[in-house]
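J.: Sequence and predicted structure below; questions after.
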Amino acid sequence: MKNHFLWTDTICGSEMAALMDKIDWTLTEMGPVIDWPEDLRTALTICLGSKFPMAIWWGKNYTMFYNDAYRPMLGLSKHPYYLGKSGKDCWSEIWHILSPMFESVFLMKQATWSEDLLLEMDRNHYIEETYFTFSYSPLYNNLKEVYGIFNVCTETTSQVIGARRLKIARAMNQESKTVQAAAAQVLQVITENPLDIPFAILYLVDDTSASMTLAGTTGFNNTAKCPAAIDLLSPVGPLAILAASVFHTGKAKIAANMEELFTTIPSGPWQQPPASCIVLPIKHQGRNRISAILIAGISSHQIYDENYRSFFELFCAHTSTLFTTARVYEKEHQCAESEQKFAKVFHSNLCMMAIITAKTGAFVDINDRFLAILGFSREQVPYLTIGNSGIVTSPPVDSLLGAFANSDMLTNCEVELRNVANHCYTLSLSGSLVTLNNTKCILLMALDITEKKCILMKLPN
């Protein structure tokens, strides 16, 4: 027997215990297992039998042992090669972080604690953004000297990144009053969170859907490397063609031809720049229309998996809401401005003007000039209709309103008016259909032709 000691005699069902039994420890600096310190063998028994991730680092070379639960943390590039080998060599890419902790345990004989610590590990043949919560506790040899470290740990990568991405989504909840302000907010959120989106380019599609304009970038030194505008019907250049294709298909695309797309590739917070980017359509909510195109870098330290894809979908959904809300604000603002301009012209016009509902003839608004001739006060307007205002039509009022059932216009309809003071006028009414607050109305314009009518009546036939 190689070791004169079998871990599988006391620990059943452990893959790592079986692997340790296959190693001829007499050929290593550890020597026969039977000669290992009792404290080490006890710690290894606890480690190998535990369902919680644990590792042991022993001796000046930090010989590494670990259990089944710890094994996935080593990924594809470190297991099983580093079992029984130097932990310093195993984690060489993060040794500058681990080494001070190890030295502290050896010198101070006290345990350390780290929570959600960022470690840039190379465990799957690429540098990966990982997070761990762990402790290092001292282990003693037969001379009661600190000669090893007991490591209890748990990986928190998915929790940390998941919480960070939700925070990014929440940051998109502030309303913007203009599309440009919404675009600036999107770019600012990305700028403040480069770990998931190392760089971004945002284009806004114009109202005709024939072209789009660069709203801004993040991660680049300047915007000159990106087209200021893209013709969606005849795009020129790799980046423009890619963006236009996503606009026309409405489906996101991942591109790996980074050197062809960009003169320089921003690296973001990492030394290694992204190897790919994703082009995302931002859709207008409630409409089958794309309002923006977002080109986003994919982190070189993360695998583009289902969680990453879901994050981009969530980000696009929040961006869509932001742009849709901004466009509603802009439209409301434009309508309010138009209404103010119309109201100014309406109320100051020397011509008599009124707005009535097309269904009942109730007055919605009336200018001072018209109101003065009718003889009513402003407070009485809500109770006025074309029927009780003193206007007598021939044909009757119903016929006047009915005229708009088949036509949007009414021209020079002569009516008689007997106002509150019992004064008589002859008016020439013209009108057109308008829609106010989703209600069909009639905009009336009236000319006082009383004097003209009297003159004509006095003329000989």
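T.: Looks like it came in fine. Numbering: from 1, shown residues only.

J.: going forward, measure contacts and count neighbours with C-alpha atoms only.
T.: Fine.

J.: any residues touching stretch 163-176, and which ones?
T.: With contact meaning C-alpha atoms under 8 Å, 6 or more residues apart in numbering, stretch 163-176 is reached by 182, 185-186, 189, 193, 196, 311, 314-315, 318-319, 322, 325-326.

J.: scratch that, stretch 14-26 is what I was asking about
T.: Applying C-alpha under 8 Å, 6+ apart, the set of residues contacting stretch 14-26 from outside is 2-3, 6-8, 11, 31-33, 48-49, 66-68.

J.: List the buried residues in that stretch.
T.: Ser14, Met16, Ala17, Ala18, Met20, Asp21, Trp25 (16 or more other C-alpha atoms under 10 Å).

J.: just those now: which is nearest Gln271?
T.: Lowest distance from Gln271 to the buried residues of stretch 14-26 (C-alpha to C-alpha) belongs to Met16, with 35.1 Å.

J.: returning to what we had before: what about the contacts of stretch 14-26, which are in strands?
T.: Cross-referencing the contacts of stretch 14-26 against strands under DSSP state E gives Tyr66.

J.: can the contacts of stretch 163-176 go into CSV with extra columns for neighbour count and distance to Thr213?
T.: CSV is the format used below for these (neighbours: other C-alpha atoms under 10 Å; distance: C-alpha to C-alpha, whole Å):
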residue, neighbour count, distance to Thr213
Ala182, 24, 14
Gln185, 19, 17
Val186, 22, 15
Val189, 16, 20
Asn193, 18, 24
Asp196, 23, 25
Phe311, 18, 25
Leu314, 16, 24
Phe315, 21, 21
His318, 20, 21
Thr319, 24, 17
Leu322, 26, 18
Thr325, 20, 20
Ala326, 21, 17
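
J.: neighbours around the closest residue to Val152 other than its chain neighbours, how many?
T.: Nearest non-adjacent residue to Val152, counting by C-alpha to C-alpha, 6 or more residues apart in numbering: Met54, 4.6 Å away. The number of residues packed near Met54 is 25, by other C-alpha atoms under 10 Å.

J.: Then Gly84?
T.: Gly84 is flanked by 21 other residues according to other C-alpha under 10 Å.

J.: Surely it touches Tyr66?
T.: No. Using C-alpha atoms under 8 Å, Gly84 is not in contact with Tyr66, being 9.1 Å away.

J.: pLDDT of stretch 54-73, averaged?
T.: Averaging pLDDT along stretch 54-73 gives 96.

J.: buried set for it?
T.: Using 16+ other C-alpha under 10 Å as the test for burial, stretch 54-73 gives 54-59, 62-71, 73.

J.: Same question for stretch 115-126.
T.: For stretch 115-126, the neighbour count (16+ other C-alpha under 10 Å) marks Asp116, Leu117, Leu118, Leu119, Glu120, Met121, Asp122, Arg123 as buried.

J.: Out of these, list just those in strands.
T.: Within the buried residues of stretch 115-126, residues falling in strands by DSSP E are Asp116, Leu117, Leu118, Leu119, Glu120, Met121, Asp122.

J.: which residues of this protein score low on pLDDT?
T.: Applying pLDDT under 70 to the chain picks out residues 1-4, 222-224, 392-399, 405, 461.

J.: what ranges do the helices span in it?
T.: Ranges of helices within the chain are 15-22, 38-49, 75-78, 87-90, 95-108, 157-170, 179-191, 238-249, 258-261, 306-348, 368-374, 397-402, 450-458, based on DSSP state H.

J.: Redo those as TSV? Include distance to Leu417.
T.: Below are the helices of the chain laid out as TSV (distance: least, C-alpha to C-alpha, whole Å):
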stretch	distance to Leu417
helix 15-22	102
helix 38-49	102
helix 75-78	92
helix 87-90	100
helix 95-108	93
helix 157-170	62
helix 179-191	50
helix 238-249	60
helix 258-261	74
helix 306-348	21
helix 368-374	8
helix 397-402	12
helix 450-458	10
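
J.: of all the ones you listed, which lies closest to Leu143?
T.: When the helices of the chain are compared by C-alpha to C-alpha, helix 38-49 sits nearest Leu143, at 10.8 Å.

J.: and the end-to-end length of stretch 227-238?
T.: 11 Å (C-alpha to C-alpha, to the nearest Å).

J.: let me fix that: stretch 412-427
T.: One end of stretch 412-427 sits 9 Å from the other (C-alpha to C-alpha).

J.: what's next to it, contact-wise?
T.: Contacts of stretch 412-427 (C-alpha under 8 Å, 6+ apart): 373-376, 389-394, 428-430, 446-450, 453.

J.: repeat for stretch 216-229
T.: 183-184, 187, 190-191, 198-203, 211-214, 240, 262-263, 266-268.

J.: could you redo the last one with a cut-off of 6 Å?
T.: Thr191, Phe199, Ala200, Ile201, Leu202, Met212, Thr213, Leu214, Pro266 (C-alpha atoms under 6 Å, 6 or more residues apart in numbering).

J.: Can you tell me what sits against stretch 286-301?
T.: 127-129, 196-205, 274, 276-284.

J.: list the buried ones in that stretch?
T.: Using 16+ other C-alpha under 10 Å as the test for burial, stretch 286-301 gives 289-301.
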